[in-house]
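S.K.: structure, please.
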Amino acid sequence: MKISIIGSTKPGYVASKEEFETFSGHNAGICYMVSNFEKIENEDPQKTHNRANQTKVSGHHSVFDHPVINFYLEDIPKALAMVINNEHQYTTSEKSARYTKMVLKEDEQQLYDKWLEIFTKLITEKYQAKNPEFYTDKKIKKLAQENARYLISIFTPTSMAYSVTYRQLNNIYHMMQREINRPDSEQNKLYRMLKPAMIDFCNAIKETTPYFDEYISGEAKGRKLSLMSSRKIEEYFGDVYATNYKASFACFAQAQRHRTLTYSIDLLDKPEFYVPTILKSDENLVKEWIKDCNSRAKEFPQGMLVSVNEMGTFDYFVLKMLERKCTHAQLEINESTNNILHNYIKALVDKNHPRAEELKKFSKGARCLSGCFKCTDPCHNIDGINETREI
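M.R.: Sure, this is the predicted structure:
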């Protein structure tokens, strides 16, 4: 086997659209290649150009996935990041509200600071003396931020590196345009509120980058933005699975990063909110939390619950568990993954499915107890390992 590098990302370099067209045209010639790729690279440029155009007009757009663009997006609403991240074909590195402080509106900042202080006090009192090596001041601060951010609106601006193919960028542009052009009466509330941000995104792609193309649109195949579901899926557990459950926007945003799985969401008829587990032993704190969440309901806080549709294969669900059943994972997604696991095991046992025993290995606690995962950085946090933690 011989491996040749025919392209790579060069930091700081902005490739022209013509370079992308040429690279795609060369790759389009491989299917009918008579000799070797080197000959295609050295062919008459007009021949390459004609092949690229013919491929584009005919709708065979996969060759335009070879070129990749690396963007840095500033002041993009978290909700719009969810929209583009749900289209699977991307790589993103996003500023985290778990680890950093976001720029908030004054009233939002006041609530965030209030609950940051409450969570810091609760975590310190409950866990630091018990396990000071794990629950350091730095760790407690991160966990407090992780929970206080449930009050932050999903329309809060964030920043992210976003790498996407030439084809996918144009597909997303055209799918957004089709959503923008739909009458408000036909749109769900989230897309309606996101319309100004979608318009800004599309204008930036068309006016400030060289990569807009009218033909690469996905329209012939009826592609549309996938975030919002059109119906509730039928639940099923076997070699493949499909399930519905409630989760916060924050939890969903983490779950959708499992690009091997398929996700969509639907808004609830009446606002509901995730209650952090550490609050549940204090009825007054729970009431105060719900009251403060309700005061932010019109702003769609990250703690607001949505109906989540999740579909995938047995093996990819195992991969999700190997990521999320861990002390270091956000507690809500750890809990959510365990709920799916419980339902999955019950369904497979009921139908005497041969893979039920494989899943039972993951019911003992965190991933490190399954026998399927070797931890390279043991936490020594018994509550996390046994999955009895409240934070």
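S.K.: would you mind pulling the contact partners of the helix or strand containing residue 308?
M.R.: Under the criterion of DSSP states H and E, residue 308 resides in strand 305-313. Outside of strand 305-313, the residues within contact range by Cβ atoms under 8 Å, 6 or more residues apart in numbering are 229, 232-233, 239-249, 252, 255, 258, 260-268, 272-274, 320, 340. Any C-beta I mention is one placed from the backbone N, CA and C, and that applies to glycine too.
S.K.: could you redo the last one with a cut-off of 7 Å?
M.R.: Contacts with strand 305-313, where a contact means Cβ atoms under 7 Å, 6 or more residues apart in numbering, come from 229, 233, 239-249, 252, 260-268, 272-274.
S.K.: could you do stretch 78-88 as well?
M.R.: Residues outside stretch 78-88 that contact it (Cβ under 7 Å, 6+ apart) are 90, 92, 94, 154-156, 158, 160, 168, 172, 190, 194, 197-198, 201, 225-227, 253, 256, 259, 263.
S.K.: how about residue 119, nearest residue that isn't a chain neighbour?
M.R.: Spatial nearest neighbour of residue 119, excluding adjacent residues (Cβ to Cβ, 6 or more residues apart in numbering): residue 144 at 3.9 Å.
S.K.: among the contacts of strand 305-313, name the buried ones.
M.R.: 229, 241, 243, 245, 247-249, 252, 261-267, 272-274 (16 or more other Cβ atoms under 10 Å).
S.K.: among these, which ones are in helices?
M.R.: Counting by DSSP state H, the buried ones among the contacts of strand 305-313 place 249, 252 in helices.
S.K.: what number of residues lie near residue 294?
M.R.: Neighbour count of residue 294, defined by other Cβ atoms under 10 Å: 14.
S.K.: the host helix or strand of it: how far from the chain's middle?
M.R.: In this assignment (DSSP H and E), residue 294 forms part of helix 283-295. Put simply, helix 283-295 sits 28 Å off its chain's centre (Cα atoms, centre = their mean, to the nearest Å).
S.K.: now the angle from that helix to strand 305-313?
M.R.: On the basis of axes from the mean of the first three to the mean of the last three Cα atoms, to 10 degrees, helix 283-295 is oriented at 90 degrees to strand 305-313.
S.K.: ok, and what's touching helix 283-295?
M.R.: Outside helix 283-295, the residues that touch it by Cβ under 7 Å, 6+ apart are 111, 151, 271, 273, 275, 279-280, 301, 303.
S.K.: buried members of the residues you listed into PyMOL, please.
M.R.: For the buried members of the contacts of helix 283-295, the matching PyMOL selection, counting by 16+ other Cβ under 10 Å, is:
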select buried, resi 111+151+271+273+275+279+301+303
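S.K.: closest one of the contacts of helix 283-295 to residue 102?
M.R.: Distance to residue 102 across the contacts of helix 283-295 (Cβ to Cβ) is lowest for residue 151, with 10.9 Å.
S.K.: hang on, that closest one packs against residue 114?
M.R.: No: using Cβ atoms under 7 Å, residue 151 is not in contact with residue 114, being 8.8 Å away.
S.K.: so residue 352 belongs to a helix, correct?
M.R.: No: read with DSSP: H, G, I helix; E, B strand; the rest coil, residue 352 is coil and lies in no helix.
S.K.: return the distance of it relative to residue 344.
M.R.: Here the criterion is Cβ to Cβ, to the nearest Å. By it, residue 352 lies 14 Å from residue 344.
S.K.: the more surrounded of those two?
M.R.: With neighbours defined as other Cβ under 10 Å, residue 352 and residue 344 compare such that residue 344 has more, 22 against 7.
S.K.: looking only at pLDDT, what's the mean for stretch 374-387?
M.R.: Mean pLDDT, stretch 374-387: 93.
S.K.: mind listing residues that contact the lowest-mean-pLDDT helix or strand in the chain?
M.R.: Least confident helix or strand, the chain: strand 91-94 with a mean of 83, by mean pLDDT, DSSP states H and E. With Cβ under 7 Å, 6+ apart as the test, strand 91-94 has contacts from 81, 85, 158, 160-163.
S.K.: one more time with 10 Å, if that's ok
M.R.: Contacting residues not belonging to strand 91-94 are listed as 68, 70-73, 76, 78, 81, 84-85, 158-164, 253, 257, 259 [Cβ atoms under 10 Å, 6 or more residues apart in numbering].
S.K.: try stretch 24-39
M.R.: 4, 6-7, 40-43, 45, 47-56, 60-67, 165-167, 216.
S.K.: select only the buried ones of these in ChimeraX?
M.R.: Buried subset of these, written as a ChimeraX selection, criterion 16+ other Cβ under 10 Å:
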select :40,48,51,52,55,56,61,63,64,65,66,67,165,166,167,216
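S.K.: stretch 236-255 spans what distance, first to last residue?
M.R.: Counting by Cα to Cα, to the nearest Å, you get 19 Å between the two ends of stretch 236-255.
S.K.: give me the distance from it to the chain's centre.
M.R.: How far stretch 236-255 lies from its chain's middle: 12 Å, per Cα atoms, centre = their mean.
S.K.: likewise for stretch 195-211?
M.R.: Distance, centroid of stretch 195-211 to centroid of chain: 21 Å (Cα atoms, centre = their mean).
S.K.: just the mean pLDDT for it, thanks.
M.R.: Stretch 195-211 shows a mean pLDDT of 94.
S.K.: what residues of it count as buried?
M.R.: Quick answer for stretch 195-211 (16+ other Cβ under 10 Å): 197-198, 201-202, 205, 211.
S.K.: out of the residues you listed, which are inside helices?
M.R.: Counting by DSSP H, the buried residues of stretch 195-211 place 197-198, 201-202, 205 in helices.
S.K.: in JSON lines, list those residues along with distance to residue 132.
M.R.: What follows is these, written out as JSON lines (distance: Cβ to Cβ, whole Å):
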{"residue": "197", "distance to residue 132": "44"}
{"residue": "198", "distance to residue 132": "48"}
{"residue": "201", "distance to residue 132": "46"}
{"residue": "202", "distance to residue 132": "51"}
{"residue": "205", "distance to residue 132": "50"}
